[in-house]
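**Student:** When you get a sec, could you give me coordinates for this:
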Amino acid sequence: MNNDINPLKPIILITGSSRGIGNYLANYYLNRGFLVVGCSRNDCDINHENYNHIIADLSNEEEILNVFKIIRKEHKRLDIMINNAAINPAILNVAFLPYKTIQNIYAVNVFAPIMFCREAVKLMIRNKFGRIINLGSMATKHEVPGEALYTSTKASINAFTRVLSKEVASSGITVNVVAPSVIDTELSKAINKIALKEVLSRNAIKEYGDLVDVSNTIDYLIKEESKSVTGQIIYLGGV
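**Tutor:** Residues are numbered from 1 along each chain as shown. Down below sits the predicted model:
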């Protein structure tokens, strides 16, 4: 690992690291020599000397704050924050959405990332350096019927990211969205395969995306030399 982020091992926080994209990214950055802090509602199968897993309910403010309490105590800094955790519990016409479902998805997909960004910025400002990556979705471009709720949460994160990037730019912090194409994860498995194929047909690249696409894009964004790239929403797959 070169020293273009920090003379010490870079510290990266990844939400939703127990499975899917988050689990892949945690392993990927461990292999690159990072110190990785992961968190999710469930335990994680990663066993590595540079990995610290924190079990946290991301719909609970106190448990989110506890994640940062641990980071401040053990590391005293944070270089990179990846807001990956998200849920999509219901593919339903708006007329049939239970209020509890609306509350739950906004708690995890919107309120939690905002809280994580808020607390991450407080740590990053100390060192005048930080990279925040929020995971987005091609749903905000394709506007698929039955996904109004999920799409609205990802659109909220897009808007939040663009404004936050302007608030923290003078502190050496960049904030961007990476929106993957459909990747074969537990989240995508819950979606109707015919509907997925139809949505993918709208992309320039009509096949499923690859996890390497995500890490490759994040690698570019977190480089010190990428300091002018901020407030961007990067769609993968030719959305």
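**Student:** Following element in sequence after the longest helix seen in the chain, please.
**Tutor:** Under DSSP state H, the helix in the chain containing the largest number of residues is helix 148-168. Following helix 148-168 in sequence order, the next helix or strand is strand 173-179 (DSSP states H and E).
**Student:** What strands flank that following strand, and is each parallel or antiparallel?
**Tutor:** strand 130-135 (parallel), strand 233-235 (parallel) (DSSP bridges).
**Student:** shaky segments in the chain?
**Tutor:** 1-7, 185-195 (pLDDT under 70).
**Student:** any idea whether the residue of the chain most remote from its centre is helix, strand or coil?
**Tutor:** Computed with Cα atoms, centre = their mean, the residue of the chain farthest from its C-alpha average is residue 95, at 29.0 Å. What DSSP: H, G, I helix; E, B strand; the rest coil gives for residue 95 is helix.
**Student:** Tell me the buried residues in the longest helix of the chain?
**Tutor:** Going by neighbour count (16 or more other Cβ atoms under 10 Å), the buried part of helix 148-168 is 149-157, 160-162, 164-165, 168. All C-beta spots, glycine's among them, are computed from the backbone N, C-alpha and C.
**Student:** Please apply the same query to stretch 86-100.
**Tutor:** Using 16+ other Cβ under 10 Å as the test for burial, stretch 86-100 gives 86, 87, 88, 90, 91.
**Student:** and if you look at stretch 59-76?
**Tutor:** Buried-residue list, stretch 59-76, by 16+ other Cβ under 10 Å: 59, 63, 64, 67, 68, 71, 75.
**Student:** What of stretch 34-50?
**Tutor:** So for stretch 34-50, counting by 16+ other Cβ under 10 Å, buried means 34, 35, 36, 37, 38, 39, 40, 41, 44, 46.
**Student:** coming back round to it: in CSV, list the strands paired with strand 173-179 along with distance to residue 21.
**Tutor:** What follows is the strands paired with strand 173-179, written out as CSV (distance: least, Cβ to Cβ, whole Å):
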stretch, distance to residue 21
strand 130-135, 7
strand 233-235, 15
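**Student:** Tell me which of those strands sits nearest to residue 213.
**Tutor:** The closest of the strands paired with strand 173-179 to residue 213 is strand 233-235. By Cβ to Cβ, the value is 10.4 Å.
**Student:** Quick one: residues in contact with the closest one.
**Tutor:** 136, 138, 141, 158, 161, 162, 176, 177, 178, 179, 217, 221 (Cβ atoms under 8 Å, 6 or more residues apart in numbering).
**Student:** Give me the buried positions along the helix or strand hosting the third one.
**Tutor:** Spelled out, it's residue 141. Using DSSP H and E, residue 141 sits in helix 139-142. Across helix 139-142, burial judged by 16+ other Cβ under 10 Å covers 139, 140, 141.
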